[in-house]
Every structure is written in C-alpha cells, then in structure tokens.
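Visitor: Sequence and predicted model, in that order:
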Amino acid sequence: MKKLIHFLASTAAVMMFIGLSIAVVEAGPCKLANFASASFTNPMNINNPYLPWVPGTEFLYEPVPNPDNVQNFVRVLYSTDPKGNKQITVGTKTIAVVVVHDYEIDNGFLAEDTYDYYAQDDDGNVWYCGEDTTVYLPGGGTDKTGSWEAGVNGALPGYIMLAKSSPGVCYWQEFLRDVAEDEAKVMRLNAKVTLQSGKTYQGCLETKEWSPLEVGDIEQKFYAKGVGMVLNFEHRGKILRWELISVSP
C-alpha cells in the first residue's frame, strides 16, 4: 500500500516520535510487536510454513482476467546478489534481513520496482522490516512514496506472518506515521482456494489487510502451507483478483 512520505527533522524529534508511535499503535485493537524483546539467532532462515522465503525462488502473479498483460514477479534474493545483502538497526539491535525483489511489468514496461526486507525470529514470526519502492510514472520520472526502513526516522517493524496464527488475531505489519501503517487480521485457517489453472489448495490461511491511510482499500490474502501467498483479492473500489501463476525453480 502506498502512503505519503513524511520525514522527521532531528534526532530529538525521532526519539519523541518513537515513544508516541508505540503508544498510538498499542491503543487500538491491533498491537505492534516488541522488536526489542525478540531473539534473532538466524534471521535470514525464513521457514515459516505460510511464508517460506527460500533464496532463489521466484513467484509469478497475474490478475485474473488480465487484459493489460500485467505480471508481478516476486524473487527471493541470495545474500550474494548485488542488492541481497542488507542489515537493519532498530535501537541497539542490528540484524541481517532477507531481501525480496518485487517488481511489476505492465504490458512489457517496468511499472514498479520494490525491494522488501524480512527477518524471522527464533519463535517463527516473520517480521516486515522495510521496503525500497520505485514507481515509474507514465509521463516519465519516478515516485518513491511508501518507502521506509525499520529504525530510520522512527520507523518500527511489525509482523508480516505469525508463528502461530489464530482467527481473530490482529496485528500491525509496519509503523511510520503517515507513511507505513498497515494492519492485518487472521480470518481463518481452513480456506480452500481453487485457481483458474485448476490447482487447488486446502487448509489455507486467510488474512485481511488494511491501512488507516487508505480508507476503503482492503486486501484479502490466502496463504498455502509450504508455498506462500496463492491468491489476493484487492478491494479498491472494484475487486481485482491476483493469482499465483508459477513458482520456480
């Protein structure tokens, strides 16, 4: 989800903002996990059954129907790749993260290019630690709106996938005021998904995602064990259905 970028001017302001942010995100029904209390022995080993980020794996998603020939590629980078070596620092804690290259091709042209940062704690929770997003505008130029990094300008990481999901659990995925305020809720663990190809997945995790910065925009995602996300409904005025087309290697 894209947001308006907002930067803080001084270190003092950043520290004040961090304290305020934590108070705000703990006040509502959703909670922001405490990154400082999490342990990361091997943060780049992301083997959560619903989000197994194995380096070298590439996922291809397409909208159904797809009259504009849009393709969304999601590739998990090796740490040896030029942009695959990344660390984030939040407070006194520095960890290495897995970099996932997510880019969208619209009728043969690069429309959006994003590098997302993830880490798994010792309990099996997968943390979302930031994104470097570039949108290529139709008339030329680029837009970096929505980019953020945990620990920079007061940005705080959140869960992208829980170690133990339970229907009704609500959590923040990210937090930087006016920039990154995505929340999610576990809906069910027994969803059945049938794709246009005829491929069927049983026992899927269904989540709902939203942001107070984009009122009315909701994403309904389905994750299959051992695979990852297989289906995504984007509710943005109209419903757009994104399906997993292929996984390689």
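Guide: Nice, I can see it. Numbering: from 1, shown residues only.
Visitor: Please count neighbours and contacts with C-alpha atoms only from this point.
Guide: OK.
Visitor: buried stuff in the lengthiest strand in the chain?
Guide: Ranked by residue count, the top strand of the chain under DSSP state E comes out as strand 93-106. Using 16 or more other C-alpha atoms under 10 Å as the test for burial, strand 93-106 gives 96-105.
Visitor: So what's the gap between that strand and the chain middle?
Guide: On the basis of C-alpha atoms, centre = their mean, to the nearest Å, strand 93-106 sits 9 Å off its chain's mean C-alpha point.
Visitor: Do I have it right that Asn69 meets Asn107?
Guide: Yes - under the criterion of C-alpha atoms under 8 Å, Asn69 makes contact with Asn107 at 5.0 Å.
Visitor: what's the spacing between stretch 119-139 and its chain's center?
Guide: Stretch 119-139 sits 5 Å away from the centroid of its parent chain (C-alpha atoms, centre = their mean).
Visitor: Enumerate the positions of that stretch that are buried.
Guide: Neighbour-count burial for stretch 119-139, counted by 16+ other C-alpha under 10 Å, picks out 119-121, 124-136.
Visitor: ends of it, how far apart?
Guide: Start-to-end span of stretch 119-139 (C-alpha to C-alpha, to the nearest Å) is 36 Å.
Visitor: what mean pLDDT does that stretch have?
Guide: The pLDDT scores in stretch 119-139 average 97.
Visitor: same check, this time on stretch 241-249
Guide: 97.
Visitor: can you map out the helices along this protein?
Guide: Assigned by DSSP state H, the chain shows helices spanning 11-25.
Visitor: which regions of it sit below the pLDDT cut-off?
Guide: Counting by pLDDT under 70, the chain shows low-confidence ranges at 1-28.
Visitor: hmm, who's touching stretch 238-245?
Guide: Stretch 238-245 is contacted by residues 59-65, 195-196, 229-234 when judged by C-alpha atoms under 8 Å, 6 or more residues apart in numbering.
Visitor: Buried ones among those?
Guide: 59-63, 229-234.
Visitor: one step back: now what about the longest strand of the chain, what contacts it?
Guide: 36, 40, 43-44, 68-79, 83-89, 110-119, 129.
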